[in-house]
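> Mind looking at a prediction? Sequence and model below.
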Amino acid sequence: MRLCGTILNELEVQTCQGCGGPLPPARYLGYVSSHSDTVMGKQVLRRLCSACAREKRAQEFVKL
């Protein structure tokens, strides 16, 4: 994160295991997991971008 050319914070960018695209920071994914996984009653591994996750889920329904 930069403000007027000054680096205020640096976060490691995680990448999608499917396409190599960028994912949100691990801290954000941890926050989402801690709230949504509790409500849903299951643990979701968030290692894929939304496009790859949709494609993987669709392949589970339709055998290509």
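Structure's in. What do you need?
> What are the phi and psi values at Pro22?
Per-residue torsions, Pro22: phi -70, psi 150 (degrees, to the nearest 10).
> For it, the count of nearby residues, please.
Other residues near Pro22 come to 10 when the count uses other C-beta atoms under 10 Å. C-betas here are computed from N, CA, C, even on glycine.
> Okay, now stretch 33-48: how far is its last residue from its first?
Stretch 33-48 has an end-to-end distance of 14 Å (criterion: C-alpha to C-alpha, to the nearest Å).
> what's the closest non-adjacent residue to Pro22?
Sequence neighbours aside, Val13 is the residue nearest to Pro22 in space, at 5.3 Å (criterion: C-beta to C-beta, 6 or more residues apart in numbering).
> Can I take it that the one you found is in a helix?
No: assessed with DSSP: H, G, I helix; E, B strand; the rest coil, Val13 is coil; it does not lie in a helix.
> Pull the contacting residues for it.
Contact partners of Val13, counting by C-beta atoms under 8 Å, 6 or more residues apart in numbering, are 22-23, 25.
> how about 10 Å then?
22-26 (C-beta atoms under 10 Å, 6 or more residues apart in numbering).
> again with Ala51
16, 18-19, 21.
> what bits of the protein have low per-residue confidence?
By pLDDT under 70, the low-scoring segments of the chain are 1, 37, 40-45, 64.
> Would you state the helices of it in chain order?
Taking DSSP state H as the test, the helices found in the chain are 26-40, 50-61.
> Let's have those helices in CSV, adding distance to Ile7.
Below are the helices of the chain laid out as CSV (distance: least, C-beta to C-beta, whole Å):
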stretch, distance to Ile7
helix 26-40, 17
helix 50-61, 28
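> mind checking which of the ones you listed is nearest Asn9?
Among those, helix 26-40 comes nearest to Asn9, with 10.7 Å by C-beta to C-beta.
> just to revisit the earlier point, how about the contacts of Val13 in a markdown table, adding distance to Arg46?
Formatted as a markdown table, the contacts of Val13 follow (distance: C-beta to C-beta, whole Å):
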| residue | distance to Arg46 |
| --- | --- |
| Pro22 | 13 |
| Leu23 | 7 |
| Pro24 | 8 |
| Pro25 | 11 |
| Ala26 | 10 |
